[in-house]
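Novice: one predicted model, sequence on top.
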Amino acid sequence: MALRRVYLDHSATTPVDRRVVEAMLPYLTEKFGNASSVHFFGQEARAAVDRARREVASMVGARPNEVVFLSGGTEANNLAIRGVAEASENYGRHIITSEIEHSSVRGICDALEKKGWKITRLPVYDDGIVRIEDVRASVRPDTVLITVMLANNEIGTIQPIAEIGSLVRKEREKGNRHLRFHTDAVQAAGRMHVDVESLGCDMLSLSAHKLYAPKGAGALFLRRGVRLVAQNVGGHQERERRAGTESVAGIVAFGAAARIAGEELDERVAHVRALRNRFEAGVAARIEDVVFNGNRERRLPHLSNISFRYIEGEGLLINLDLQGVAVSTGSACSSGSLEPSPVIRAIGRDDELARGSIRFSFGKDNSVEDVDYVLEVLPRAVANLRRLSPLYQKATQARACESETV
Amino acid sequence: MALRRVYLDHSATTPVDRRVVEAMLPYLTEKFGNASSVHFFGQEARAAVDRARREVASMVGARPNEVVFLSGGTEANNLAIRGVAEASENYGRHIITSEIEHSSVRGICDALEKKGWKITRLPVYDDGIVRIEDVRASVRPDTVLITVMLANNEIGTIQPIAEIGSLVRKEREKGNRHLRFHTDAVQAAGRMHVDVESLGCDMLSLSAHKLYAPKGAGALFLRRGVRLVAQNVGGHQERERRAGTESVAGIVAFGAAARIAGEELDERVAHVRALRNRFEAGVAARIEDVVFNGNRERRLPHLSNISFRYIEGEGLLINLDLQGVAVSTGSACSSGSLEPSPVIRAIGRDDELARGSIRFSFGKDNSVEDVDYVLEVLPRAVANLRRLSPLYQKATQARACESETV
Amino acid sequence: MPYSSIFKDHLANPRNVGELADASAVAEETNPVCGDRLRLSLRLRDGRIEAARFLAYGCAPTLACGSALAEMIEGMKIEEALRLTRQDIARALDGLPARKQHAAALAIETLQAAIKAEFRGQNSE
Amino acid sequence: MPYSSIFKDHLANPRNVGELADASAVAEETNPVCGDRLRLSLRLRDGRIEAARFLAYGCAPTLACGSALAEMIEGMKIEEALRLTRQDIARALDGLPARKQHAAALAIETLQAAIKAEFRGQNSE
Ligand SMILES: Cc1ncc(COP(=O)(O)O)c(C=O)c1O
Ligand SMILES: Cc1ncc(COP(=O)(O)O)c(C=O)c1O
């Protein structure tokens, strides 16, 4: 009998929607032109790229010429942060960010710090949310960039981006003319309403593969008039903001996925929220010593991050995987770094809880049966691992002693 | 009746081979995992990326762990040149390149020059080939990088890369330890035998879409031990040389295309060479006042670059396009720059010949009938444009006078 | 850089190509930046452009603008022709990419030079 | 980081889990870098490891190495057990990723600490 496979790792990546595959296929075979070519094949590709640009722009309320196509969310973050840093370094070398940014933003900021930039990393308290007062208090005359993500990829918490956006506008009016504001919306897009006008951001990062389009396509919303230094250079593509032959099929897929995501947003949100809530209720009822991470209201609808006390995430991940359930963990072991998830640490959990955290992220194709299957498998897997855990043995012995003493 | 379409612009991009589409499709839909994920879906993707890495490595005689997957040839050139420049700037700030590099290499070198680097651009004489003596004479104690393409994208001339490779080895033995050697093999791969050992290069750029794989994938061969500074940062992918979720389907396609290109190389070369030679013989027989650009032996087998005197390339391109024939021109008009093709200028042609140059590049799916169709259409198109050309009118009047005077 | 189909038709089937043996006004102008050339020969009579022929060398818009101009002005009153603008040429081609407006400018300049040449009672060449 | 199927089987069905009530040698070692722990309890008799049980906390290789070790040493001569190396553990799991070798090292350390503890006639706890 084939193993039932339940994919609950949609924050890592999503399968490509059949409709998106259909949309992109012709641009691999018959309509394969290079969008820079003047002839028919080239114009056909150019028209498709332009259409995709409108579709992606429309998903986030931008103008088409404010969308720069790139190879993914990581490149969008690199272009936004390094590009603005290099364009602004004569005005100041201070950047404000948060403690729970995606590793790409973290890595870029760390690299700038090594080059002498000052980085302020805002705390997120125990609910995983940045406070606008902290942002306000951190702005300095030499601050040239604020970069705070729209929604976090591990715990799903939604940050006060619109508030930061209006703060930035006020700061600019007060004379801090070179202050720019970037937000990483890679996890948010397709899972909540995203609108660059109401957010008031100057730049916003997107990645196709979180939206049921292929990996290897992304975009940066770059507000008209915002200057940055291109990072990949040597060609006229993307109005000199990103050199290199456009990935036409990937861009077409991204456009189609963005359009469908816009059309189906409400439906998708309702669907994944219902699954997620059913799942969390089931976990709370069936498993002891669990901690739900991140503010439970202000978070993405598809994501649940749970710490299972006494055990380490990787063992649980592999045990679930053996039963066909795919999840992820911020645990140090599986990410290949030594530090347990900085995000879970940032919300004040101890090392043990940080190491025992698992992210379950639902998608449009998951079903109630999927949830129920996981609710059957997960408690057993947790129990099995706890049976091995010296921490659990000690804790139960201690509890036994306590109840005896009572 | 449908217009016959003949695509002769394979140096701009190629259609994706059906077999390559078949190979990549599963990695969009069922096998859609993120190669960084620990679970089954992730491991499946990881295995596919590793296989593709072996396939691409094998095409150029490299070891798999010397292949860094990227978003294309432009990014490969950026990573190689900027990456080495940043890693070596304490040892020297001099780069040797040629006058006929692809716009990406040209653009990167220009950008470095603005930052104070010294750039030596080697001449290519009237055959479009760099001379090894010029390379030797240009090496200085502060030279940290030589970057010369393996084969040119406009005229197809093949550069003496193996000779430069052994020169570089000797220079390193003489104590110039920090000298690195990069070659852009984007046009060469799949069209001639490429082997990093016999070329003796430290880095070599590749792009999938010139090999019947999709746009948006590329690779840099990076010899073991060669240090460079990553350009896209913030993730552990590609052993920290290139952050960002791997474009799994694109990489799988690249791998499949590289494998097929290796298997079919001889066959493809023989096929396109026969077509190209038939075409050139036909042009020489049917059209007056044409100049073939670039050394006619030491060049890629699939490419023909011809200057049609008295007319401008873009008009010819559009006239051919209207008859279904897709070609390209280095003419200033169509590239959107003001200078006519720097490559054709570099081989000593005057402005008029540079503006009148057209690149015909054949592919594995072209047929003899395609060539014959173009040989029917092209002379008429040239004649029509010459009929409009004041330069042509003057030249024919002058000739008429000459023959009268005789 | 998508060109309109009228534009492409002018390239495939240029109108009024050539030189008039009995031209009363001729001008050849060059775009100093890119070297494009347009040569116009006109037969002017009774305040009208009775015939117009063009030759052109340069990128596609220069050819198309030459063709559109020569077609458009044949039969036109001279004073009317003098009021033509770049925009009129671009419109006749269903639009021109922003970076290609210089080709329409060259067409207008050449037209005006030719008409002036005849008014001064002389050819520009 | 692909793990072998034997490795995964150890995780799904760990062998020799628990603590021996009548252990004659016990050790619990911690990896100081990442905090992983392995606890081993052994019943040693007549120069042999008559019984071995483990408990482990930490990333998957630590659990798998604990399970593989406990299974492997049960019934083994003590002197033989003392000759076991990291490589033996890794081999029993069909290999370990390079970065995970520390888990096998922890297993060997814990084994040696336990045996030493009994030879000194005392338990480590
Ligand atoms: C919040 C966030 N930002 C950026 C990225 C990076 O995007 P990509 O995977 O396209 O490089 C991701 C996903 O990996 C993400 O979750
Ligand atoms: C010689 C050469 N180098 C680099 C490139 C750039 O590669 P890509 O189109 O993948 O960015 C090209 C093709 O466009 C090329 O012909």
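Specialist: Yes, it's here. Numbering: from 1, shown residues only, chains lettered A, B, ... in the order given. Ligands and ions are numbered 1, 2, ... in the order given.

Novice: burial of the closest residue to chain A within chain C, as a residue count?
Specialist: Here chain C gets closest to chain A at one residue, residue C:2, 5.2 Å apart by C-beta to the nearest C-beta. In short, each C-beta sits where N, CA and C put it, glycine included. Other residues lying near residue C:2 total 13 when counted by other C-beta atoms under 10 Å in any protein chain shown.

Novice: with residue C:43 instead?
Specialist: Residue C:43 has 18 neighbours, counted by other C-beta under 10 Å.

Novice: how about residue A:89?
Specialist: Residues contacting residue A:89 under the criterion other C-beta under 10 Å number 15.

Novice: measure it to ligand 2 for me?
Specialist: Distance from residue A:89 to ligand 2, counting by C-beta to the nearest ligand atom, to the nearest Å: 28 Å.

Novice: and that residue, what does it touch?
Specialist: By C-beta atoms under 8 Å, 6 or more residues apart in numbering or on different chains, residue A:89 lies in contact with residue A:144.

Novice: how much space separates it from residue A:240?
Specialist: For residue A:89, the distance to residue A:240 equals 20 Å [C-beta to C-beta, to the nearest Å].

Novice: repeat that for residue A:182.
Specialist: Using C-beta to C-beta, residue A:182 is found at 20 Å from residue A:240.

Novice: so which of these two has more stuff around it?
Specialist: Using other C-beta under 10 Å, the more surrounded residue of residue A:182 and residue A:240 is residue A:182, with 30 against 12.

Novice: contacting residues around that one?
Specialist: A:77, A:80-81, A:84, A:145-147, A:201-205.

Novice: what parts of chain C come near chain B?
Specialist: Neighbours of chain B within chain C, by C-beta under 8 Å from any C-beta of the partner chain: C:1, C:3, C:8, C:11-12, C:14, C:17-19, C:28, C:33-37, C:39, C:54-63, C:66, C:99.

Novice: what subset of the residues you listed is buried?
Specialist: Among the residues of chain C next to chain B, those scoring as buried are C:1, C:3, C:8, C:11, C:14, C:17, C:28, C:34-37, C:39, C:54-63, C:66 (criterion: 16 or more other C-beta atoms under 10 Å in any protein chain shown).

Novice: the longest helix anywhere in chain A near ligand 2 anywhere?
Specialist: For chain A, the longest helix by residue count, based on DSSP state H, is helix A:248-286. No - between helix A:248-286 and ligand 2, judged by C-beta under 6 Å from any ligand atom, nothing touches; the nearest distance is 11.2 Å.

Novice: that helix vs helix B:248-286, what angle?
Specialist: Helix A:248-286 runs at 170 degrees relative to helix B:248-286, counting by axes from the mean of the first three to the mean of the last three C-alpha atoms, to 10 degrees.

Novice: how about the residues of the stretch 51-200 of chain A near ligand 1?
Specialist: A:72-74, A:77, A:102, A:104, A:149, A:153, A:184, A:186-187.

Novice: so the longest helix of chain A, near chain B or not?
Specialist: Yes - counting by C-beta under 8 Å from any C-beta, chain B has neighbours in helix A:248-286: A:248-250.

Novice: check whether that helix comes near chain C.
Specialist: No - judged by C-beta under 8 Å from any C-beta, helix A:248-286 makes no contact with chain C; its nearest approach is 15.4 Å.

Novice: correct me, but residue A:36 touches residue B:9?
Specialist: No - between residue A:36 and residue B:9 there is no contact, the gap being 10.7 Å when judged by C-beta atoms under 8 Å.

Novice: pick out whichever of these two has more residues nearby.
Specialist: When residue A:36 and residue B:9 are compared for neighbours, residue B:9 comes out ahead with 25 against 20, by other C-beta under 10 Å.

Novice: residue contacts, the more buried one?
Specialist: Residue B:9 makes contact with A:34, A:37, A:39, A:41, B:326-328, B:359, B:361, according to C-beta under 8 Å, 6+ apart.

Novice: of these, which belong to helices?
Specialist: Judged by DSSP H, the subset of those located in helices is residue A:41.

Novice: tell me how many other residues surround the spatially closest residue to residue C:16 that is not a sequence neighbour.
Specialist: Excluding the flanking residues, the one nearest residue C:16 by C-beta to C-beta, 6 or more residues apart in numbering or on different chains is residue C:70, at 3.7 Å. Using other C-beta under 10 Å, residue C:70 is surrounded by 28 other residues.

Novice: so what's residue C:70 up against?
Specialist: Residues counted as contacts of residue C:70 (C-beta under 8 Å, 6+ apart) are C:15-17, C:40, C:52-54.

Novice: thinking again about what came up before, farthest pair within the contacts of residue B:9?
Specialist: Spatial extent of the contacts of residue B:9 (C-beta to C-beta) is set by the pair A:41 and B:359 at 14.4 Å.

Novice: distance from stretch A:250-261 to the middle of the chain?
Specialist: Per C-alpha atoms, centre = their mean, to the nearest Å, the displacement of stretch A:250-261 from the mean C-alpha position of its chain is 18 Å.

Novice: CA atoms of it as CSV?
Specialist: As requested, the backbone C-alpha atoms of stretch A:250-261 are provided in CSV (Å, rounded to 0.1, in the frame of the first residue of the first chain):
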residue,chain,number,x,y,z
GLY,A,250,9.2,31.4,-14.9
ILE,A,251,8.0,35.0,-15.1
VAL,A,252,4.9,34.0,-17.0
ALA,A,253,4.2,31.3,-14.3
PHE,A,254,4.7,33.9,-11.6
GLY,A,255,2.3,36.2,-13.3
ALA,A,256,-0.4,33.5,-13.7
ALA,A,257,0.1,32.4,-10.1
ALA,A,258,-0.2,36.0,-8.8
ARG,A,259,-3.4,36.5,-10.8
ILE,A,260,-4.9,33.3,-9.5
ALA,A,261,-3.7,34.1,-5.9
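
Novice: can you list contacts of it?
Specialist: With contact meaning C-beta under 8 Å, 6+ apart, stretch A:250-261 is reached by A:16-17, A:19-21, A:23-24, A:27, A:48-49, A:51-56, A:58-59, A:69, A:189-190, A:208, A:211-214, A:216-219, A:268, B:214-216, B:247, B:250.

Novice: and for stretch A:117-125?
Specialist: Here stretch A:117-125 makes contact (C-beta under 8 Å, 6+ apart) with A:85, A:93-100, A:109-110, A:112-113, A:130-131, A:134-135, A:138, A:142, A:148, A:157, A:346-348.

Novice: repeat that with 7 Å
Specialist: Stretch A:117-125 has contacts (C-beta atoms under 7 Å, 6 or more residues apart in numbering or on different chains) with A:85, A:93-100, A:109, A:112-113, A:130, A:134-135, A:138, A:346-347.

Novice: residues near residue 110, how many?
Specialist: I'll assume chain A. Neighbourhood size, residue A:110 [other C-beta under 10 Å]: 14.

Novice: that answer is for a different chain, and I need it for chain C
Specialist: Counted with other C-beta under 10 Å, residues neighbouring residue C:110 total 25.

Novice: and the helices in the chain?
Specialist: Went with chain A since none was named. Under DSSP H, chain A gives helices at A:18-24, A:40-59, A:73-88, A:103-114, A:132-138, A:161-173, A:196-199, A:248-286, A:313-322, A:332-335, A:342-346, A:351-355, A:368-388, A:390-405.

Novice: nope, chain C please
Specialist: For chain C, the helices defined by DSSP H occupy C:5-12, C:60-73, C:78-82, C:86-92, C:101-119.
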